[in-house]
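1. this one's sequence-less:
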């Protein structure tokens, strides 16, 4: 799941949270993810779910690091590891 979500963060890591206040969706490798981006205590928080399995994720994007959970697994990786989304498609926001 980390390999799926990490590329998606490139779309949101540097964009103001207010621009993503609504629930939005994107597709990556045949999976559809619904998410929201909010600002909490100076961090950007990306919360969402993979729609088919219902697996939830919550990622806190800091200045240099991303930390959070995907399902029940803890994840932590440098922000510099975030790559452009590439072939993923952004779907219309709800």
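-> Structure received. For clarity, every value in this text was computed on a predicted model and none was experimentally measured.
2. does residue 83 count as helix, strand or coil?
-> coil (DSSP: H, G, I helix; E, B strand; the rest coil).
3. for residue 59, same thing?
-> With three-state DSSP as the basis, residue 59 sits in strand.
4. now do residue 80
-> helix.
5. Contact partners for it?
-> With contact set as C-beta atoms under 8 Å, 6 or more residues apart in numbering, residue 80 has these partners: residue 64. Using the backbone N, CA and C atoms, a C-beta is placed for each residue, glycine as well.
6. per-residue pLDDT, it?
-> In this prediction, residue 80 carries a pLDDT score of 85.
7. One more: residue 92?
-> So residue 92 comes in at 51 (pLDDT).
8. Just give the number of residues close to the closest residue to residue 71 other than its chain neighbours.
-> Of all residues not flanking residue 71 in the chain, residue 55 sits nearest, at 4.7 Å (C-beta to C-beta, 6 or more residues apart in numbering). Residues near residue 55, counting by other C-beta atoms under 10 Å, number 16.
9. Where does the prediction get shaky in this structure?
-> Applying pLDDT under 70 to the chain flags the ranges 1-21, 84-94.
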